[in-house]
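Peer 1: below is the structure, and that's it, no one-letter string:
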């Protein structure tokens with residue numbers, strides 16, 4: 001039993017697709033946020049946990065949203081991009097906060 005739906009309704013229900021290029025870019029930004037940011041900040045300052053959470057969260061959040069928003073959807077960087085990137089940065093920062101203060105990374 002097939003359901004007849006309009007093309008615009010079908011497009012709303014589809015999951016977002018990830019290209020190889022955007023997946024590789026997301027992976028690169030996440031690796032940078034988890035490994036290289038803490039190592040670089042360890043050389044600069046003695047209390048680097050908070051800086052790792054802030055900078056790593058921003059890097060991971062903006063990189064993830066950029067790879068999906070700009071490379072896959074091919075949309076210009078507008079207000080919605082910055083709102084999504086800010087929300088993703090908060091989520092990534094919270095995850096890095098848990099990892100940093102639990103001693104998983106560093």
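Peer 2: That came through fine. Values in this document were obtained by computation on a predicted structure and should not be read as measured data. Residues are numbered from 1 along each chain as shown.
Peer 1: and the next helix or strand past the lowest-mean-pLDDT helix or strand in the chain?
Peer 2: Scoring the helices and strands of the chain by mean pLDDT, DSSP states H and E places helix 7-13 at the bottom, with a mean of 60. Once the chain leaves helix 7-13, the next helix or strand it forms, by DSSP states H and E, is helix 20-31.
Peer 1: residues in contact with that next one: which ones?
Peer 2: Identification of contacts with helix 20-31 by CB atoms under 8 Å, 6 or more residues apart in numbering yields 18, 59-60, 62-64, 66-68, 71-72. (Glycine included, C-beta is placed from N, CA and C.)
Peer 1: and that helix, which residues are buried?
Peer 2: By 16 or more other CB atoms under 10 Å, the buried positions in helix 20-31 come out as 22, 25-26, 29-30.
Peer 1: and the closest residue in space to residue 87 that isn't next to it in sequence, what does it touch?
Peer 2: Spatially, and ignoring its direct neighbours in sequence, residue 87 is nearest to residue 61 (7.7 Å; CB to CB, 6 or more residues apart in numbering). Contacts for residue 61 (CB under 8 Å, 6+ apart) come out as 85-93.
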